[in-house]
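**Q** Take this sequence and fold it.
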Amino acid sequence: MNQTGLPARRTAHHLLMQITTEGRLMAELIAGGALAQLANDDRARAQRLATDALRGLDRADRMLKPYLKKTPTDHVLNALRLGVIELCGGEAAHGVVNAYVEIVARNKRTQSMKGLTNAVLRKIAAEGPEGWHKRAVPLTPGWLRQPLVAAWGRDAVTAMEAVHFGGAPLDLSAKTDAQAVADATGGQVLASGSVRIMNAGQVSTLAGYATGDWWVQDAAAAIPVKLLGDVSGLKVLDLCAAPGGKAMQLAAAGADVTAVDLSSRRMERVAENLARTGLKARTVVSDAFAFTEGGFDAILLDAPCSATGTIRRHPDLPYAKDGSEFGALIDQQESMIDHALSLLKPGGRLVFCTCSLLPDEGEVQIEEALSRHAGLTVEPPVAAGIDPAWITDEGGLRLRPDYWSDLGGMDGFYMAVLRKPA
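**A** Residues are numbered from 1 along each chain as shown. Below you'll find the model as predicted:
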């Protein structure tokens with residue numbers, strides 16, 4: 001990336017500033033038009049650069065520390081971080097250093113720091129990729145790392161961090177034939193039945209996209225529906241359905257699907273995905289608690305949560321959040337479980353799941369639901385690819401990023417099948 005890449009670099013710097021100082025999420029910024037003014041190549045470059053910086057932020061800070069007497073302002077620090085990422089990724093020093101010196105100089109409050117920026121980045125350039133690779137894997141920010149270590153132990157969290165740093169391959173759920181999708185896209189079929197593609201590139205150019213043969217869905221996120229087994233002919237509710245992967249799984253398996261989500265914009269995406277794949281489901285824009293239609297054979301509740309299991313794909317999350325909202329989410333999940341159970345017919349099944357690594361959003365929720373509802377039971381999780389070691393004491397399934405690490409890992413997830421008394 002030479003000096004012509006300045007617009008992409010400035011945008012990457014803006015993204016990093018918004019995430020690390022304003023608590024904004026990358027998806028929210030992009031949806032709000034943060035990349036809209038860039039050409040397509042620059043748009044991809046800016047997003048990739050910001051994402052790489054977030055994955056390596058802790059390592060970048062450790063590389064910078066010997067060259068800084070004190071921590072500079074956020075504007076300068078984020079420029080330096082991006083410079084480290086590029087220089088250690090093999091970009092030519094001249095263009096990188098000049099670009100970030102200019103970004104620092106353009107801000108009146110930091111223009112006096114352009115000399116420091118130049119000097120520090122030239123020292124980083126001298127270290128180069130060799131200096132980068134001898135540093136340890138980046139650590140998760142302390143506010144999240146501490147509860148994860150308490151839950152899973154230091155060794156497990158270190159293994160998760162290695163997977164987070166490596167990023168995520170692309171997983172697909174096939175409408176019918178997973179092996180045919182794997183053959184057409186150059187992927188492999190995982191033990192759970194998902195198709196995994198390494199270095200996939202542009203999703204919409206993959207074979208089978210236009211014909212709706214598959215949809216993007218992390219392998220872990222595809223397992224909750226599979227725990228229901230044969231759903232053909234069953235009346236199934238997908239509560240909190242967007243972006244629609246689970247609704248499409250259910251529809252492809254022959255269920256009579258009702259998909260409910262609060263966001264009209266996100267539900268438009270569900271409708272688009274259903275149309276592309278030629279699958280049918282009834283879509284309802286509604287708050288979950290305002291939806292009171294009952295008599296469902298099965299309900300899938302992928303409840304709003306901390307999303308701490310998705311860091312390999314969303315490295316902005318631990319820098320945009322601080323955990324302060326998690327208590328409210330946990331209370332909401334409890335209420336949603338109770339509400340969903342009220343919509344089930346007697347003997348019906350509820351699959352509760354969250355893409356969280358925190359036991360309070362998984363194992364603890366099920367333990368407390370069992371104590372609140374007499375006769376409620378947990379069914380043993382049965383599906384292809386499940387390692388018995390993943391089954392938890394209360395009968396749910398705990399997935400972690402470090403599982404299948406040799407294949408690129410998986411999202412952190414918790415799921416359990418609850419049976420309502422007949």
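**Q** check contacts around the spatially most central residue of the chain.
**A** Central residue of the chain (C-alpha atoms, centre = their mean): residue 310, 3.0 Å from the mean position. By C-beta atoms under 8 Å, 6 or more residues apart in numbering, the residues touching residue 310 are 218, 317, 355, 411-412. Backbone N, C-alpha and C define where each C-beta goes, glycine included.
**Q** and those as TSV, adding neighbour count and secondary structure?
**A** What follows is those, written out as TSV (neighbours: other C-beta atoms under 10 Å; DSSP: H, G, I helix; E, B strand; the rest coil):
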residue	neighbour count	secondary structure
218	26	coil
317	22	helix
355	24	coil
411	26	coil
412	30	coil
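**Q** the domain parsing of the protein - what is it?
**A** Following automatic domain parsing, the chain resolves into domains at 3-133, 219-419.
**Q** out of those domains, nearest to residue 162?
**A** domain 219-419 (7.2 Å; C-beta to C-beta).
**Q** one step back: report the two of the contacts of residue 310 separated the most.
**A** For the contacts of residue 310, the farthest-apart pair by C-beta to C-beta is 218 and 317; their separation is 14.6 Å.
**Q** the strands in this structure, which residues?
**A** In the chain, the strands defined using DSSP state E lie at 170-174, 188-189, 195-197, 214-216, 235-239, 256-261, 282-285, 296-302, 344-354, 377-379, 397-399, 413-419.
**Q** how about JSON lines for those, with mean neighbour count added?
**A** Shown next, in JSON lines, are the strands of the chain (neighbours: other C-beta atoms under 10 Å):
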{"stretch": "strand 170-174", "mean neighbour count": "24"}
{"stretch": "strand 188-189", "mean neighbour count": "17"}
{"stretch": "strand 195-197", "mean neighbour count": "23"}
{"stretch": "strand 214-216", "mean neighbour count": "23"}
{"stretch": "strand 235-239", "mean neighbour count": "26"}
{"stretch": "strand 256-261", "mean neighbour count": "24"}
{"stretch": "strand 282-285", "mean neighbour count": "16"}
{"stretch": "strand 296-302", "mean neighbour count": "23"}
{"stretch": "strand 344-354", "mean neighbour count": "21"}
{"stretch": "strand 377-379", "mean neighbour count": "15"}
{"stretch": "strand 397-399", "mean neighbour count": "24"}
{"stretch": "strand 413-419", "mean neighbour count": "25"}
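**Q** Residue 276: which of those strands is closest?
**A** Checking the strands of the chain against residue 276 by C-beta to C-beta gives strand 214-216 as the closest, at 7.8 Å.
**Q** Mean pLDDT added to the strands of the chain, as TSV?
**A** Formatted as TSV, the strands of the chain follow (pLDDT from 0 to 100):
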stretch	mean pLDDT
strand 170-174	98
strand 188-189	98
strand 195-197	98
strand 214-216	98
strand 235-239	98
strand 256-261	97
strand 282-285	97
strand 296-302	98
strand 344-354	98
strand 377-379	98
strand 397-399	98
strand 413-419	98
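**Q** if you skip the residues just before and after it, what's nearest to residue 311?
**A** residue 164 (4.9 Å; C-beta to C-beta, 6 or more residues apart in numbering).
**Q** residues near the one you found, how many?
**A** 25 (other C-beta atoms under 10 Å).
**Q** now swap in residue 16 and tell me
**A** 25.
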